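S.K.: Pasting the sequence and the predicted coordinates here, then a few questions.
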Amino acid sequence: MSEVSVFDNILGWMKKLLSKIDFDAWLRKIGITSPEIIKSIKYSFIAFFAGFLFKKYFRFILMCSVIIIVLSVLLHAKDILSINWDSVKSILSFDPTKTTVENLVVNFFHWVKNNLIVFIVLSLSFLLGYKLG
């Protein structure tokens, strides 16, 4: 038996198998739509590269962040740099009167519950990127 005929047999078997599987019905059965799949694929690529870059450049990013924060605090303390904390809080949508650690945790788990597939894809992609990084 030649390699071409083995390949043709495998390809024919896979085509027959795939023609019998109704992917649209299967996706409807588990409640996933095509836009959700596309969104999950996009997020998986982003999470993979974020995990990859996180492992490769963690020290550099951490040191740059620490230096920038320390310089900002020192410049703000010497009145060289003026930081409008109300604007920072509004940009970050952070309201100290309404936001507590408990609310943040509850909101995070609520988001995970509503976007379980996206969360799983993001987590696995990030871990894979981190492992390969």
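M.R.: Yes, it's here.
S.K.: For the rest of this, base every contact and every neighbour count on C-alpha atoms.
M.R.: OK.
S.K.: Identify the residues contacting stretch 29-43?
M.R.: 27, 117-118, 121-122 (CA atoms under 8 Å, 6 or more residues apart in numbering).
S.K.: Let me know the closest of the residues you listed to Val73.
M.R.: Nearest to Val73, judged by CA to CA, of the contacts of stretch 29-43 is Leu122 at 33.8 Å.
S.K.: What separation is there between the closest one and Ser44?
M.R.: According to CA to CA, to the nearest Å, Leu122 and Ser44 sit 5 Å apart.
S.K.: Val6 too?
M.R.: From Val6 to Ser44 the distance is 34 Å (CA to CA).
S.K.: likewise Trp26?
M.R.: Taken as CA to CA, the span from Trp26 to Ser44 is 22 Å.
S.K.: ok, those two, which is more surrounded?
M.R.: Neighbour count, other CA atoms under 10 Å: between Trp26 and Ser44, Ser44 has more, with 23 against 11.
S.K.: so that one is in which element?
M.R.: helix 34-77 (DSSP states H and E).
S.K.: Next secondary structure after that helix?
M.R.: Using DSSP H and E, the helix or strand that follows helix 34-77 towards the C-terminus is helix 85-91.
S.K.: Other residues contacting that following helix?
M.R.: Outside helix 85-91, the residues touching it (CA under 8 Å, 6+ apart) are Asp95.
S.K.: Work out the gap between it and the centre of the chain.
M.R.: 25 Å (CA atoms, centre = their mean, to the nearest Å).
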